[in-house]
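Asker: what would the 3D arrangement of this be:
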Amino acid sequence: MRSRLLARLDAAIARTRDPVQLACLRAERAGFLGRHGQVELARGQLQELQRQFAARPHVAVSGWMALAEGQIEQYTHLGSATAYDRLKRAYALSAAAQLQPLQALSAAWLAHAHYLRDERERTAALCAEALRLAAPDHHGARWRACLTVAVGLHYTGRLDLAQPWYNSARQHALADGDDVALSSTIYNQAGLRADHARQAAAFEGVTGSQAVHAAMVMDSTSNFDAGIGLQSLDWLVPLLRAHLLVLEGCFEQALALFDEQQAGSPTTRSPWRERLQPCLLADRAWCLLQTGREEEARAGAQAAEQSLQQASCDVDDRALAHARLAELFARFGDAQRAARHRARAEQDHAAYKAQQAKALHILQEALGELRPA
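Answerer: Numbers count the residues shown, from 1 in each chain. Down below sits the predicted model:
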């Protein structure tokens, strides 16, 4: 790993003598290591800091440790309640103590946590706060806030509005020398392109250049992550790549990737991963059917149905899962079941379109005159 951000933190740690400032830098370093996937090392360093300040806690150190813990948890178990709680604590401590740089950074990360919880108003308000508080060269806060705004706008179908924010996020990641941030920026844009391509295929019968472009960027993301040795959330890219392979008709390749995901360790499961399970199972069943394994496909479709009843799926993912199940049961000759799933798919897709419009209004209202910078 040859990160300029890590090298800069190491240099700052080597020359710092003030114990509080030193502890804050060490916590920031642990957060970076955790985002990179070196979770045990990062947690061990935070435990050392906790022991050091157990008798006499300091608000700045506590705030930085809470932020680092939230970052580690977010990159280990995406969307977990623990990550949200830690980030919320970092924000509260920094705001109460008027630690403006830490408050800006914590607000940006907490905004992302609210986005994962589908809490659009709070996401937008915290992004706006982070952008107002962050100095022009506070690249970490501005990267996280700009990327969250970009993803929020892209989600609504307005890539034209999102693109300047993606560009700004990328520039801040590069300026900070933060390879993990750069990878996240590339991945998020490709991921939403993939989601929109899948929606277009399921509800408009269109499989155009969006899917091809998303697949190319996904491959670039995989190569970039391998080059920097990134280990965190390493299940996300292969899973989305598998869904794109289904669109491309590469069923054997997609099936191999789905099976790798199914075989993943239970300890790596996250709330976000569980929310994606119905789509995974439905697309996997489709691959089984397309490769001549009908009995296994029937069992897979049943599993996807059960998963839909148990998982807290986002409305767009739920629409995709129902649409795929409608196709499956139509092929199985169960017209009634197929019609039921198709009706649910159309209902959820309409709710998704309404949610997009509402999310766009919320973001534009909260940002006001703020522009990517």
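Asker: starting at the chain centroid, how far to stretch 63-81?
Answerer: Chain-centre distance of stretch 63-81: 13 Å, with CA atoms, centre = their mean, to the nearest Å.
Asker: kindly export that stretch (C-alpha atoms) in CSV.
Answerer: Only the C-alpha atoms of stretch 63-81 are listed here, as CSV (Å, rounded to 0.1, in the frame of the first residue of the first chain):
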residue,chain,number,x,y,z
GLY,A,63,-14.4,12.4,19.0
TRP,A,64,-11.6,11.2,16.6
MET,A,65,-11.8,7.6,18.1
ALA,A,66,-15.6,7.6,17.6
LEU,A,67,-15.2,8.7,14.0
ALA,A,68,-12.6,6.1,13.3
GLU,A,69,-14.7,3.4,14.9
GLY,A,70,-17.7,4.4,12.8
GLN,A,71,-15.6,4.4,9.6
ILE,A,72,-14.2,0.9,10.4
GLU,A,73,-17.6,-0.4,11.1
GLN,A,74,-19.1,1.2,8.0
TYR,A,75,-16.5,-0.5,5.8
THR,A,76,-16.9,-3.8,7.6
HIS,A,77,-20.6,-4.0,8.0
LEU,A,78,-22.1,-1.5,5.6
GLY,A,79,-25.2,0.3,7.0
SER,A,80,-24.9,-1.2,10.5
ALA,A,81,-26.5,0.4,13.6
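Asker: rounded mean pLDDT for that stretch, please.
Answerer: In this model, stretch 63-81 has an average pLDDT of 94.
Asker: again, but for stretch 282-292
Answerer: On average, the pLDDT along stretch 282-292 is 98.
Asker: residues making contact with that stretch?
Answerer: For stretch 282-292, the external contacting residues (CB atoms under 8 Å, 6 or more residues apart in numbering) are 242-243, 246, 249, 251-252, 254-255, 258-259, 262, 294, 296-301, 303-304, 320-321, 324-325, 327-328, 331. Every C-beta, even on glycine, is put in place using the N, C-alpha and C of the backbone.
Asker: count of neighbours near Ala134?
Answerer: Neighbour count for Ala134, taken as other CB atoms under 10 Å: 26.
Asker: surely it and Trp143 touch.
Answerer: No. Look at Ala134 against Trp143 with CB atoms under 8 Å: they stay out of range, at 9.7 Å.
Asker: can you list residues touching both of the two?
Answerer: By CB under 8 Å, 6+ apart, Ala134 and Trp143 have these common neighbours: Ala108.
Asker: returning to that earlier point: in ChimeraX, select just the buried ones from the contacts of stretch 282-292.
Answerer: Selection of the buried residues among those in ChimeraX, burial being defined by 16 or more other CB atoms under 10 Å:
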select :242,243,246,251,254,255,258,297,298,300,301,303,304,320,321,324,325,327,328,331
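Asker: where in the stretch 101-250 of the chain is pLDDT low?
Answerer: Low-confidence segments of the stretch 101-250 of the chain (pLDDT under 70): 207-211, 220-234.
Asker: which parts of it are helices?
Answerer: Along the stretch 101-250 of the chain, counting by DSSP state H, counting those that start in this stretch, helices occupy 120-133, 139-155, 159-176, 179-203, 209-228, 236-248.
Asker: so can I have a markdown table of those showing distance to Ala359?
Answerer: Formatted as a markdown table, those follow (distance: least, CB to CB, whole Å):
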| stretch | distance to Ala359 |
| --- | --- |
| helix 120-133 | 5 |
| helix 139-155 | 6 |
| helix 159-176 | 12 |
| helix 179-203 | 13 |
| helix 209-228 | 20 |
| helix 236-248 | 21 |
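Asker: most tightly surrounded among those?
Answerer: helix 139-155 (a mean of 26; mean count of other CB atoms under 10 Å).
Asker: can I get that helix in PDB, CA atoms only?
Answerer: Written as PDB, here are the backbone C-alpha positions of helix 139-155 (Å, rounded to 0.1, in the frame of the first residue of the first chain):
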ATOM      1  CA  HIS A 139     -10.200  17.400   1.400                       C
ATOM      2  CA  GLY A 140     -11.500  14.500   3.600                       C
ATOM      3  CA  ALA A 141     -14.700  16.300   4.600                       C
ATOM      4  CA  ARG A 142     -15.300  17.700   1.100                       C
ATOM      5  CA  TRP A 143     -14.700  14.400  -0.600                       C
ATOM      6  CA  ARG A 144     -17.200  12.600   1.700                       C
ATOM      7  CA  ALA A 145     -19.800  15.300   1.400                       C
ATOM      8  CA  CYS A 146     -19.400  15.800  -2.400                       C
ATOM      9  CA  LEU A 147     -19.700  12.100  -3.000                       C
ATOM     10  CA  THR A 148     -22.800  11.700  -0.900                       C
ATOM     11  CA  VAL A 149     -24.400  14.600  -2.800                       C
ATOM     12  CA  ALA A 150     -23.300  13.000  -6.100                       C
ATOM     13  CA  VAL A 151     -24.800   9.700  -5.200                       C
ATOM     14  CA  GLY A 152     -28.000  11.300  -3.900                       C
ATOM     15  CA  LEU A 153     -28.500  13.200  -7.200                       C
ATOM     16  CA  HIS A 154     -27.500  10.200  -9.400                       C
ATOM     17  CA  TYR A 155     -30.000   8.000  -7.500                       C
END
